[in-house]
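Student: Sequence below, structure please.
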Amino acid sequence: MHPRSQWAAGRARITTMIMGRPHHTKSTLVVLLAILLAAACVPSDSGIEGYITAGPACPVVQVGVPCPDRPYAGTLAITTANGLTVARVTADSSGYYSAALAPGTYTIHPESPGILPRGNAVTVVVLPHQFTRQDVLYDTGIR
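Tutor: Numbers count the residues shown, from 1 in each chain. Prediction:
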């Protein structure tokens, strides 16, 4: 089919020559975009980490009877200052979570499966080449 016919039919294909072989520009752009995105990956040497716990864990706290908060495998949404969600992490069974992030200011939003347990949002500053420790407490509602 003649190139002008393709344009008229709305199915135009633009080709480029790469290493002496024809390539469609669309696929070339996709490959270039993938390379650029890979180059802009989040650094693995900075971010946020910590433990998620839920408490109180006992209905009645008694003097001399320990009742520590318990590890909680909660999910956290991490957003930028303008509200863009950049990570969503779920803690493991020990309550540990970690998210690799570029240096900057973020807000951790604890997600809840229902009304309880629930956590409060907290703002965290990530510095270059280090993980910022931020533990998160979910309130179980037990009083």
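Student: Walking through this protein, point out its helices one by one.
Tutor: Here the chain has its helices, by DSSP state H, at 3-9, 25-39.
Student: For the shortest one, give the mean pLDDT please.
Tutor: Which is helix 3-9. Summarised as a single mean, pLDDT over helix 3-9 is 48.
Student: okay, the nearest residue to Val136 once chain neighbours are set aside: pLDDT?
Tutor: With sequence-adjacent residues excluded and distances taken as C-beta to C-beta, 6 or more residues apart in numbering, Val136 is closest to Ile52, at 4.7 Å. To be clear about C-beta, it is placed using only N, CA and C from the backbone, and glycine gets the same treatment. Looking at Ile52, its pLDDT stands at 98.
Student: Now do the contacts for Ile52.
Tutor: 71-74, 76, 91, 95, 97, 110, 119, 135-138 (C-beta atoms under 8 Å, 6 or more residues apart in numbering).
Student: Closest to Pro59 out of those?
Tutor: Tyr138 (16.5 Å; C-beta to C-beta).
Student: For beta bridges, what are the partners of that closest one?
Tutor: Ala54, Gly119 (DSSP bridges).
Student: just Gly104 next, same as before
Tutor: Val126.
Student: Report how many residues lie close to it.
Tutor: Per other C-beta atoms under 10 Å, the neighbour tally for Gly104 reads 14.
Student: how near is it to Thr85?
Tutor: 14 Å (C-beta to C-beta, to the nearest Å).
Student: got a list of what the nearest residue to Leu137 once chain neighbours are set aside touches?
Tutor: Nearest non-adjacent residue to Leu137, counting by C-beta to C-beta, 6+ apart: Thr53, 5.7 Å away. Counting by C-beta under 8 Å, 6+ apart, Thr53 touches 69-72, 95, 135-138.
Student: Measure how buried the closest residue to Ser93 other than its chain neighbours is and give me the count.
Tutor: In space, and not counting its chain neighbours, Ser93 is closest to Ala73: 5.9 Å by C-beta to C-beta, 6+ apart. Ala73 has 14 neighbours, counted by other C-beta under 10 Å.
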